[in-house]
Structure formats: structure tokens, C-alpha cells
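S.K.: I need the structure of the sequence given here:
(2 chains)
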Amino acid sequence: MMDWIEIGNLSDIPSRGARTVETPRGQVAVFRTADDAVFALINRCPHRGGPLSEGIVSGRLVACPLHNWVIDLESGAAVAPDEGCAERLSMRVRDGRLWMNLDRAKAASHG
Amino acid sequence: MVHLSARRRLVVIGNGMAGMRTVEELLARAPVRHAITVFGDEPHPNYNRILLSSVLAGEKTMDEIVINPRSWYEEQGIALRTGDPVMAIDRAERMVRTGSGQVVPYDDLLIATGSRPLMPPLPGIAMEGVVAFRDIADVEAMLAASRSHRRAAVIGGGLLGLEAAWGLKRLGMEVAVVHLMPTLMERQLDAEAAGLLQRDLSGRGLHFFTNAQTEAFMGSDRVTGLRLADGREIAADLVVVAIGIRPNVALAKDCGLDVNRGIVVGDDMTTSDPRIHAVGECVEHAGQVFGLVAPLWEQAKVCAARLAGDDRAVFVPPPLSTRLKITGIDVFSAGQLGAQDEADAEVVFRDAATGVYRKLVIRDNRLVGAVMVGEVGDGGWYFDQMRRGTDIGPIRDRIIFGQAFAGAGPGGADPASLPDDAQICGCNGVDKGTIVAAIRAKGLTTLEEVRAHTKASASCGQCSGSVKALLAHVTGKAVAASEAICSCTDLGHDEVREAILTRRLKSQAGVRAALGWKSEDGCAKCRPAINYYLLCAWPGEYRDESRSRFVNERLHANIQKDGTYSVVPRMWGGVTTPAELRAIADVAEKHAVPTVKLTGGQRIDLLGVRKDQLPAIWADLNAAGIVSGHAYGKALRTVKTCVGEEWCRFGTQDSTGLGILLEKALWGSWTPHKVKLAVSGCPRNCAEATIKDIGVICVEAGYDIVIGGNGGIEVRVTDPLVRVESEAEVLEYCAAFLQLYREEARYLERTAPWVERVGPASIKARLVDDAAGRKALYARFLFSQTHSQTDPWGERASGAVDAFEFKPLAVVDAS
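M.R.: Okay, the predicted model is just below:
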């Protein structure tokens, strides 16, 4: 059951930055990369639960502000040597509008 | 003592690299044998022509490529004549005649007239906007064109042409490269390597026209483009011709010396007249003319030895290696490009995806050629195997993987085992012996010093690793390597900072592009560092990039383990009032702040504040006149004070007042790491000034300023800097010290390790011995402060700055 919810505009998020969305599943971080790709993760670092939305975004990575774990925005997985995974949500951008799907993302494939 | 009149008169025609290297070598061997006169065409002192591409690329200034300034000629007793060129050589009378009619007799004559760029005899070649790439005037013309014009074409896809093209691209021009042959650098690269190079350069925005014969230049006054033989036209406001060189032989020819393509010399670098020698790009030896620097150095050595009376010195052309001086593009070539007959074998390694290609040519188990693209770290090692004809039979099966895999083997590049004549720096022709001698004689300890004294690794820098290894080998100590900032670059902090200043880089993207960053976006390590360096270098010009700030500095609060924040108001000099305390108490109650705690820096910490509460708390504090304490920043934190003479029985000065004065002057400035001060009113030092970044200890006679202390992980007691008599002097010294730290310490380096690294003596020299330098630092600090003393809380409490930071994008209710 896919349920897309409109959450705002692409332009509401700073380039190389993030905004948060409060949801029944907890706080979600929505990231915008330099090339305007958008990703959403549950806003908890797999390490100690740090707010990923406050991290520095470079390329397709975000560095957690608490202990500098680096998380891959596309998969939610921590970059080696760290191990762990932040939960990922599906995002869509249509005409500059952002849509989020609160169902668990299907392609949560990582090792 | 030899009398001047007893000296042989040596006249040198040409003030270029080969001629002057010969003179230097001669002076080193026989300092008083000759009275030397040098004639130069260009109105400049002698400079390093191979670094012109670095000047164009903005990596070096003209001054930096001067080899010998005018004062050097004076010190050496050399008569330097520029602007009055030699017009004729009279061999019978043994004298030269200048354009102004002067006559200078010689006993020995050295012709080092170099070469001229080859210019095709095409219609329009003399138009404005068509230049060669040969001397300082050409570079100046190119730099000027880049400021007023947009499109450039470079004719010639060889080494020089590509360096010119890249330099122009970096200056912001659209650049087309027109090359007669099907592949680039065809004399140094095989087709595959050339293809990879072209792909890489295309990716960086250069446009290529190969198999392209230029037929005409278009335009009337100034060039507007060029037309190719196949009819294609390329628009261009600047055309650089770099298709080759032609030896300057006119003087030699006119006086009847043997001349073919160049001035014919024998193995002794002597022309057909035994009194006349020639070196450099003007000569022809065994049918060969020379364009690269390494054989020129060898000629200079031999010629100088002959002039000094050594009859055994003979010139043997050394094998050549080539590297392209384009930052981030790695190309190496030496010897044969491929198998020439059945006795030659090629070994090839290719990884097209990563752009790595390497080909070795082997004959009789000896390496005779190497072509490398992408990863060229082993180039020097291969070249050394070639030069010494090492039998590579035992490592033939793995030599393609480089030295680390093949094992150093006999005569490998472990610096200890290299012979003294092994070339370390190909760009500047520096061998191991020279480097080792300089390290020993001058007591060098850093890569930068070796670079300054020997020029080794001063050009493309690819031999930096080898030079460091040599330094470690000779000094027996690990070299304080300038460690790379992060995995996005191989450059260290100091190198990046220098580039920001000298190349006037003013944006993060500009730094990454100019310095060949490996990632387009940088990373969480380098972005904050570069942001700081740009802020420090260009106060008022560079706009702080909040996305490159760590969260604390972006939100102006300290993130805690649970994702909440702490708020620390500034309390000037640790002094407060009942009204301030009441306001803070009210804020804590109103916003239900979970914890209120005193900090070690004499102020109050409000802990457990949610991000969305921050603007309201700041607004309430602002209303009571309270501003940010920057407890979250790499910035001035606190100035801790004791009560001083106002109350204390032992106080000698107004330490509290001085602390407030300092804090009001220094707050708001960004620094490489956090900075804490303290002012104690007497040597009992109750404010613990001797473990602060800057401490002031009041005494009866004035104020002792101490620096570089730390009470953290590694406790370090301060070093004394100076004793001064007035508060104004305290302020000047403290601000100057802070500015020196801001400008020269590395990002995230506290003052304590920085002072340890550079030595307290060097800081004293800059601040105490050099009053003018101190005042200049102080002035720069004051200027920078005019752009930094705005309360960040006030800006945000009003909603004027970054309001989105404190609100969620959306709230999705359960449905």
C-alpha cells in the first residue's frame, strides 16, 4: 500500500542540507544534495542516535554531528569501517514539490 | 689572489637557463678563473622557463621563477648587459659587437642563444591576439587576454600546448586545442595513453580538434578565430601557437661556424671554433637538438668543466623522461613508446574504468621505455631502472605493478640504496647527491626547506615522497610530513592555504577546482577547514558558508548527546549583575531548561534546550542585553579573570577590567580552534593564566604575556612572550598573536601544539623583535573584526537569518 504525502518544496531545503519532518514513525530527515537529489532517512544515526539532519552533507554522504559516522544517503548504510544502517524512506520530486512515502522503503538492500 | 687582468675573459651571449647554469657550474668549479660578461635579450633577470606554465596556471608568480636576481650578478662580479644585444661575432679579432656599436673582447665565448618558437607562415599570424608560449611577455599577453576575452585556441597538442591550454582554462577561458596529429603528445605517449589523457582533459572542459591542419587566421586587426584545412572554423579571441621550437643560430651562422639545424658542437660542447662553446636549445649534438631541460643541465656541466680546464668531460645525452605539469593529471613517459622490432616486448596494464594505464617496453631483460597515465608514482623508479640498465629478469613477472610489488631489488628506489647521481626531481634536474649534500650542509629538516634550497619537488611535486624519504634517511628522523587534509586531496593544510592566498582563490568550489580535488563536493573534513581558511584570508569578501559549518557553529549552540543543545551567554570577564542573573533565571524557568550549570570559564550553561526553543531563548536573553558566548565555536571562548587590585589584597593591576577589555576586543573572531584567555592580577595566578591559549599575569611593573598553554588532554604550560607596561600594549600583542595564530596555524590545531610545532622563538621573532610585523598583524586583526562582531543570536532571534533551521519542514499526523 503506497501512500505518498506531500511535505513541501525542494527549495525549502538548503542545498547540501536537510530539514526534518515529524511523522507517526518518528522524526525524518530529508536531505538535498548539491545536484538536487533528495533522500529521506529516519533521523537517527545507527551509532548513538545522533540527528543526521544536522550533519554536513557532501556528495551522497552525511556525517553524523555526534561522532562523525558517515552515512550513505542512498542506502542509509554507514560507510566502512563503521557498520549499521539508518532506515530509509522513499522520496519523489515532482515539479519542485516533495513527496514522501512513509511505508518502509522496498529496496533496503545493504550488507 | 688572482688579479683581474690575469683572468680569462668569458663572454656569454644569452641570459637563459642553459647559459646561466653553465656560469653557475663554472663559478662552483673555478671561482676566479674568468672575468664574465653576460648579454641578455629580455629585460628580465634569468628565470626558469619551464615554470612559465606554472605562472600561467597561477601557481607561481614571476618573482618566484627568477633563478638569479640582479643582485646575484653583482655579488658574483658578473657584468650583466641587457637591452644592448650582440649583433656580430668577430672570430679573427676575438670580440663581439653590440647593437650600440660597443666592442667586447673575449678569450672564451659561450653561445647560449636558445631557440625561438616555430610560427607557421600563415596569413594573419602577425595579428594581435596571436602569441607563442615562450617567454614572460607571452604569458603576460595570455593573462591580459584572459581578463578581457572569453575564447582561446591553442595550436599544438604537445607538452607545452597542453600546459598552455590548461592554464588558460583555469583562467576561465573556453579553450580549443588544435593538433595536427591524430593523438596528443605523440612523441611521448602511445595512442592508448594519449586517448586516456584526451578523455581526462575533455572531462575537464577542454575541446579537441585532432588531425587538424590550421590553414589561416581569421580577423582584421585582432584575431577572431582560425580556419582548418577541412573547412572547419574555430572562434577564438586568443590563439597560442605551441608547435615547436627553432634553434637561434643567426649569430653563429653569420660568423661562419658550422651550423645545421642548430649550432654544431662536439662531445666537448665546443663549436667548430675551439674558442667558442655553445649550450642549450641552440645547439645540435650528434644530429640531435634539445627541447627538454635535463640534457641542458648535462651540457652545462660538461661545458663548465671544459672552461675550467677539465679536458676529460664529455657530453652524453641522458635518457629523457617527461611529465605533464597539470595539477591532477598524471602522465609519465620515458624512452621508447613501444616495441620497435621483435627483440622488444611490451608489458601492458590497463584499467579503463579508473583511467590507469601503464606500458613497459623491455629489451634483453632491460627496461627501455615506460608510458604511464593515471597513476605515475612508480615513474621515477622505472626511469631509474632504465638509466642504469638494471637486469629486471628476476622481477619481470611483476614489474608492471610497480616498485612495491616488484620489491626494491638491486638498485631499487629505496633512497638509501640509490646512487648519488640518481635523478630524484625530473622537472628541475636534481639528483640524490645534491639533495643529500644540501640537507647535511645546511641542516635542513623539512620538505619545504629542501625545496627552497635545491628546487627538488618545487615544480610538479610528484617526487615529494622521494625527497621526504631522503630527508628521513639522512636525518634519521621521521619527516613531519605535510599530511593531506583529507582523502579528497593529497595536499596538506599549509599548501592549500598558500594557494588560497597566492592564487587568490575565493570560493570553496574554486579551491576544489583549482587544486584538483578528487571529490566535487569535498567532505565533512575539508569543507569546514577550507571555509575557515577562506574566511580568514578574505575578511568581508568571502561569505561564510553555513553548510560547511559543523552543526554547533551553524546553529550557534552546542549539540549534546541526546540531540538537545546548550546555551552559554557571554559574561564579559566573568563579571555579571543581579539583573543579568535574574534574566537568565527567568529564561531557565520560562523555557523549562532542565539543567543550569556553572562552566569552567566563569559563566552559566543552560543545558537540554530543544532546537526549536533556541530563537525564543535568545530573544529573551537579548532583551536583557545578553549575547552569545560562542561556547560552541572555534572562536574566542572566555576571558577568565581574578578580582584584581579592586578587591584583592595582593592585586597589582585591574585584571578584571583588562579581561573585559580583551574580551570585548577579541570576541566574534573565528580561529583555527577554540581560544581561551585568562588575566591574573598577581603572580599567584588565580585565573590560571599559564594553561590558557593566551595568559596575562599582572605584576607591579606591568603585564607578563604568556602563550600556548592548555589545560585539556595534554596539559601544557605557557611560554613567556613579553612583558609590557600598558593595557594598550597588552591588547596589541594579544590581538597580533591571535591573528598570527589565525593566519598560520592549521584548522583544528590549538595554540599549544601550534606553538610547539613552530617553536616559541619563531613567534617571539614575529611579535616582539619585529614591531612593524606585529603592528601589521594587529591592523589585519582589527580589519577582520569589523566583519565579525555581530551577535549571531540577535540575527537569528529576530528571524532574519536561517529561520528555517529551527522549524520542521512538515508535520505529518497519524491518519
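S.K.: quick check: which ranges of the chain have low pLDDT?
M.R.: Looking at chain A here, since you left the chain open. Low-confidence segments of chain A (pLDDT under 70): A:1-2, A:104-111.
S.K.: oops, I was thinking of chain B
M.R.: Those would be B:1-5, B:43, B:45, B:325, B:327, B:407-417, B:427-428, B:458-462, B:477-482, B:814-815, if you go by pLDDT under 70 across chain B.
S.K.: which parts of it sit against chain A?
M.R.: By Cβ under 8 Å from any Cβ of the partner chain, the part of chain B that sits against chain A consists of B:519-524, B:527-528, B:546-552, B:554-555, B:559, B:561, B:563, B:804, B:808-814. C-betas here are computed from N, CA, C, even on glycine.
S.K.: list only those of the residues you listed flagged as buried.
M.R.: Among the residues of chain B next to chain A, those buried by neighbour count (16 or more other Cβ atoms under 10 Å in any protein chain shown) are B:521-524, B:527-528, B:546-552, B:554-555, B:559, B:563, B:808-810, B:812.
S.K.: run a quick neighbour tally on B:Ala28.
M.R.: 10 (other Cβ atoms under 10 Å in any protein chain shown).
S.K.: which phi and psi does B:Val96 have?
M.R.: phi -110, psi 150 (degrees, to the nearest 10).
S.K.: let me fix that: B:Leu515
M.R.: phi -100, psi 10.
S.K.: please apply the same query to A:Val28.
M.R.: When quoted as degrees, to the nearest 10, the phi and psi of A:Val28 stand at phi -110, psi 140.
S.K.: tell me what the longest helix along chain B is packed against?
M.R.: As assigned by DSSP state H, the longest helix anywhere in chain B is helix B:727-744. In terms of contacts (3 or more Cβ pairs under 8 Å, 6 or more residues apart in numbering or on different chains; DSSP states H and E), helix B:727-744 is packed against helix B:655-666, strand B:675-680, strand B:694-699, strand B:702-707, strand B:719-724, helix B:751-758, helix B:771-785.
S.K.: for that helix, the distance to its chain's centre please.
M.R.: 27 Å (Cα atoms, centre = their mean, to the nearest Å).
S.K.: that one to helix B:751-758, inter-axis angle?
M.R.: Angle, helix B:727-744 to helix B:751-758, by axes from the mean of the first three to the mean of the last three Cα atoms, to 10 degrees: 70 degrees.
S.K.: could you export helix B:727-744 as PDB, CA atoms only?
M.R.: C-alpha atoms of helix B:727-744 as PDB (Å, rounded to 0.1, in the frame of the first residue of the first chain):
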ATOM      1  CA  GLU B 727      47.000  47.800  28.700                       C
ATOM      2  CA  ALA B 728      47.100  49.200  25.200                       C
ATOM      3  CA  GLU B 729      50.300  47.200  24.600                       C
ATOM      4  CA  VAL B 730      48.700  44.100  26.100                       C
ATOM      5  CA  LEU B 731      45.800  44.400  23.600                       C
ATOM      6  CA  GLU B 732      48.100  44.900  20.700                       C
ATOM      7  CA  TYR B 733      50.300  41.900  21.500                       C
ATOM      8  CA  CYS B 734      47.300  39.600  22.300                       C
ATOM      9  CA  ALA B 735      45.400  40.600  19.100                       C
ATOM     10  CA  ALA B 736      48.600  40.200  17.000                       C
ATOM     11  CA  PHE B 737      49.300  36.800  18.500                       C
ATOM     12  CA  LEU B 738      45.700  35.800  17.800                       C
ATOM     13  CA  GLN B 739      46.000  37.000  14.200                       C
ATOM     14  CA  LEU B 740      49.200  35.100  13.700                       C
ATOM     15  CA  TYR B 741      47.500  32.000  15.000                       C
ATOM     16  CA  ARG B 742      44.500  32.600  12.700                       C
ATOM     17  CA  GLU B 743      46.700  33.000   9.700                       C
ATOM     18  CA  GLU B 744      49.300  30.300  10.200                       C
END
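S.K.: in that helix, what's buried?
M.R.: B:727, B:730-744.
S.K.: closest one of those to chain A?
M.R.: B:Arg742 (22.1 Å; Cβ to the nearest Cβ).
S.K.: ok, now how distant is the closest one from B:Phe550?
M.R.: Here the criterion is Cβ to Cβ, to the nearest Å. By it, B:Arg742 lies 18 Å from B:Phe550.
S.K.: pretty sure B:Thr786 contacts B:Gly540?
M.R.: Yes. B:Thr786 lies in contact with B:Gly540 (Cβ atoms under 8 Å); the separation is 7.4 Å.
S.K.: give me the subset of the residues of chain B next to chain A lying in helices.
M.R.: Filtering the residues of chain B next to chain A for helices - DSSP H - leaves B:Arg527, B:Pro528, B:Val551, B:Asn552, B:Arg554, B:Leu555.
S.K.: with respect to B:Arg199, which of those residues is nearest?
M.R.: Nearest to B:Arg199 among these, counting by Cβ to Cβ, is B:Arg527 at 28.6 Å.
S.K.: got a list of what that closest one touches?
M.R.: Shown in contact with B:Arg527 (Cβ atoms under 8 Å, 6 or more residues apart in numbering or on different chains): A:Ile56, A:Ser58, B:Gln508, B:Asp521, B:Glu545, B:Arg547, B:Ser548.
S.K.: gap between the second one and B:Cys488?
M.R.: Look at A:Ser58 and B:Cys488: by Cβ to Cβ, they are 9 Å apart.
S.K.: any shared contact partners between these two?
M.R.: Jointly contacting A:Ser58 and B:Cys488 under the rule Cβ under 8 Å, 6+ apart are B:Ser519, B:Gly522, B:Cys523.
S.K.: grab the nearest non-local neighbour of A:Gln27.
M.R.: Leaving aside its sequence neighbours, A:Gln27 sits nearest to A:Asn43 (Cβ to Cβ, 6 or more residues apart in numbering or on different chains; 4.3 Å).
S.K.: that neighbour against A:Gly55, yeah?
M.R.: No. Counting by Cβ under 8 Å, A:Asn43 does not reach A:Gly55; the two are 10.2 Å apart.
S.K.: circling back to that earlier point, can you pick out the most distant pair from the ones in helices among the residues of chain B next to chain A?
M.R.: Taking Cβ to Cβ as the measure, these span a maximum distance of 16.5 Å, between B:Arg527 and B:Leu555.
S.K.: return the subset of the residues of chain B next to chain A lying in strands.
M.R.: Assigned to strands by DSSP state E, the following of the residues of chain B next to chain A qualify: B:Ile559, B:Ala810, B:Val811.
S.K.: can you say which helix or strand has the closest residue to the last one other than its chain neighbours in it?
M.R.: Just to be clear, that refers to B:Val811. Spatial nearest neighbour of B:Val811, chain neighbours left out: A:Glu22 (4.4 Å); criterion: Cβ to Cβ, 6+ apart. Element membership of A:Glu22, judged by DSSP states H and E, is strand A:17-23.
S.K.: can you check B:Ala619 too?
M.R.: helix B:614-623.
S.K.: then the very next helix or strand once past that helix to PDB, C-alphas only?
M.R.: On the C-terminal side of helix B:614-623, the closest following helix or strand by DSSP H and E is strand B:636-641. The C-alpha trace of strand B:636-641 is given here as PDB (Å, rounded to 0.1, in the frame of the first residue of the first chain):
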ATOM      1  CA  LEU B 636      37.200  33.200  21.300                       C
ATOM      2  CA  ARG B 637      35.500  31.500  24.200                       C
ATOM      3  CA  THR B 638      36.200  33.100  27.600                       C
ATOM      4  CA  VAL B 639      38.500  35.500  29.300                       C
ATOM      5  CA  LYS B 640      38.800  34.300  32.800                       C
ATOM      6  CA  THR B 641      39.800  36.800  35.400                       C
END
